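Q: Just a sequence and a predicted model for now, questions to come.
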Amino acid sequence: MQMPNTTVIGMGTALMGALLYRSLKCMKLLIKAGADVNRGGSLPMTPLVFTTGWGGYTNFVKFLLKAGADPNIPDVYGRLPIELAARRDCKEEVEMLFPLTSPIPTIPNWSIDGIISHAKLESAKPLGGRHLEQTKAVLKSHADQAFRLKDYKLASKAYGVAIDAAPTATLYANRSLCKLLLDDGEGALSDALRCRMLRPNWVKACYRQAAAHMLLKEYKQACDALLDAQKLDPGNVEVERELRKARELMKAHGEADK
């Protein structure tokens, strides 16, 4: 009996979640339960593309190949897993993928060393703005979906992967919110400060910083961040409300409002 498409997509998303958590045990259980090793759920990349593209997943690559993952399915740029592994100079993964990968016409020397040499030359070339934007969009989309599903831990991990690929203020702001919802004040503050460094005149960056300080019970610092937000967006109702709350908590804890 064929599983409904929504179930297949859901299991694919869970499979990608197992990768983000680096849980080989969870991945094995999902595949045993019927997850498709060649689908990444809402993320338009296969698990094999993900594991060969990011590094540190050699054991996962080995397992996925044994489980029937197809090494001839490319990423969004048309690059095969063997090329991604070669770009990272991971000879072990290239050796595993080589006998299962169809020869690529653009690589003149179809051998393990030839593939790695070709990949090094290609990796020296810039991907270009359009490719970078596609990467950011793909990774952010997966993180956003996890957030909508209220899986804030997974969303935080996914935003982290997107940040590793191409850090932006929006990604840091989103991960800061995830950490706030996970009661990780220090992590939320760290991301909020990075966000402010990238976009110092962004109200949301100030607001995220203030929220982190509030969680850490640092009410004076929260007020300072909210005052910065107020200067950037006078009359913002949400900022005004949080500023009043922070000032009340300052007074209740005997802090001076200078």
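A: All right, it came through fine.

Q: Relative to Y21, how far out is the residue nearest to T51 when sequence neighbours are not counted?
A: Excluding its sequence neighbours, the residue lying closest to T51 (CB to CB, 6 or more residues apart in numbering) is Y57, at 3.7 Å. C-beta: built from backbone N, CA, C; applies to glycine. Separation of Y57 from Y21 (CB to CB, to the nearest Å): 12 Å.

Q: Can you list the neighbours in contact with stretch 195-215?
A: For stretch 195-215, contacts defined as CB atoms under 8 Å, 6 or more residues apart in numbering pick out 167-169, 172-173, 176-177, 179-180, 183, 185, 188-189, 191-193, 219, 221-223, 225-226, 228-229, 232-233, 236, 238-239, 242, 245-246, 249.

Q: Which positions in that stretch come out as buried?
A: By 16 or more other CB atoms under 10 Å, the buried positions in stretch 195-215 come out as 195-196, 199, 202-215.

Q: ditto for stretch 223-241
A: Buried, per 16+ other CB under 10 Å, within stretch 223-241: 223-226, 228-230, 232, 236, 239.

Q: Quick check: end-to-end length of that stretch?
A: End-to-end span of stretch 223-241 (CA to CA, to the nearest Å): 11 Å.

Q: residues in contact with that stretch?
A: Stretch 223-241 has contacts (CB under 8 Å, 6+ apart) with 201-203, 206-207, 209-210, 213, 242-243, 246-247, 250, 257.

Q: And K25, what's its pLDDT?
A: On pLDDT, K25 comes in at 92.

Q: circling back to that earlier point, now the buried residues of stretch 223-241 in a markdown table, please, with extra columns for pLDDT.
A: Compiled in a markdown table, the buried residues of stretch 223-241 are given as follows (pLDDT from 0 to 100):
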| residue | pLDDT |
| --- | --- |
| C223 | 95 |
| D224 | 94 |
| A225 | 95 |
| L226 | 95 |
| D228 | 95 |
| A229 | 95 |
| Q230 | 94 |
| L232 | 94 |
| N236 | 92 |
| V239 | 93 |
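
Q: Do you know the pLDDT at the closest residue to K62 other than its chain neighbours?
A: With CB to CB, 6+ apart as the criterion, K62 has its nearest non-adjacent residue at 6.1 Å, and that residue is M96. For M96, the model assigns a pLDDT of 97.

Q: Tell me where the model's unsure across this protein.
A: Scanning the chain with the threshold set as pLDDT under 70 gives 1-12, 40-44, 124-136, 255-258.
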